[in-house]
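Asks: How does the following fold in three dimensions:
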Amino acid sequence: MNLKEFGELNTDRFLREAFDATCRKKLIWGARLRRNAYLILFLTGFFCIFAAGLAGQTILSILSLFLATLSLVVMTKYNTQLFFLMLLAKKENTEA
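Replies: Residues are numbered from 1 along each chain as shown. Below you'll find the model as predicted:
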């Protein structure tokens, strides 16, 4: 599995590996890791908005807002992938 190409939810490769039980565990681990990394970036950016605002740094506050917004959007993408993979795993466990 090449992690550089782990991005899109609608690719044939991702869907093929998502329905394979052995690859799905790696995909879940990767999606959870990336989601948590972007969650940390979101929380850091959110904290920096207030820290920069209290320090009177308007430009830094705006850049922190941009960081928080961008990381929230990307985190949502990986959260959607993780939800899809967990749903497949749960469905496979209930059918077995």
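Asks: Number of residues surrounding residue 18?
Replies: 18 (other Cβ atoms under 10 Å). All C-beta atoms are positioned from the backbone trio N, CA, C, and that covers glycine.
Asks: Next one: it, what pLDDT does it get?
Replies: Residue 18 carries a pLDDT value of 87.
Asks: That one is in contact with residue 83, isn't it?
Replies: No. Contact between residue 18 and residue 83 fails when scored by Cβ atoms under 8 Å: they sit 11.8 Å apart.
Asks: Provide the contact partners of stretch 64-83 at residue level.
Replies: 9, 27-28, 31-32, 34-35, 38-39, 41-42, 44-46, 48-49, 52 (Cβ atoms under 8 Å, 6 or more residues apart in numbering).
Asks: List the buried residues in the worst-scoring helix or strand of the chain on mean pLDDT.
Replies: In the chain, no helix or strand scores lower on mean pLDDT, DSSP states H and E than helix 12-18, which sits at a mean of 85. Neighbour-count burial for helix 12-18 flags 14, 17-18 (criterion: 16 or more other Cβ atoms under 10 Å).
Asks: From the contact counts, what lies against the helix or strand harbouring residue 36?
Replies: According to DSSP states H and E, residue 36 maps onto helix 21-55. Applying 3 or more Cβ pairs under 8 Å, 6 or more residues apart in numbering; DSSP states H and E, we find helix 21-55 packed against helix 12-18, helix 58-95.
Asks: List phi and psi for the residue located most distally from the centre of the chain.
Replies: For the chain, the residue at maximal distance from the C-alpha centroid (Cα atoms, centre = their mean) is residue 56, at 31.5 Å. Residue 56 adopts backbone torsions of phi 80, psi 20, taken as degrees, to the nearest 10.
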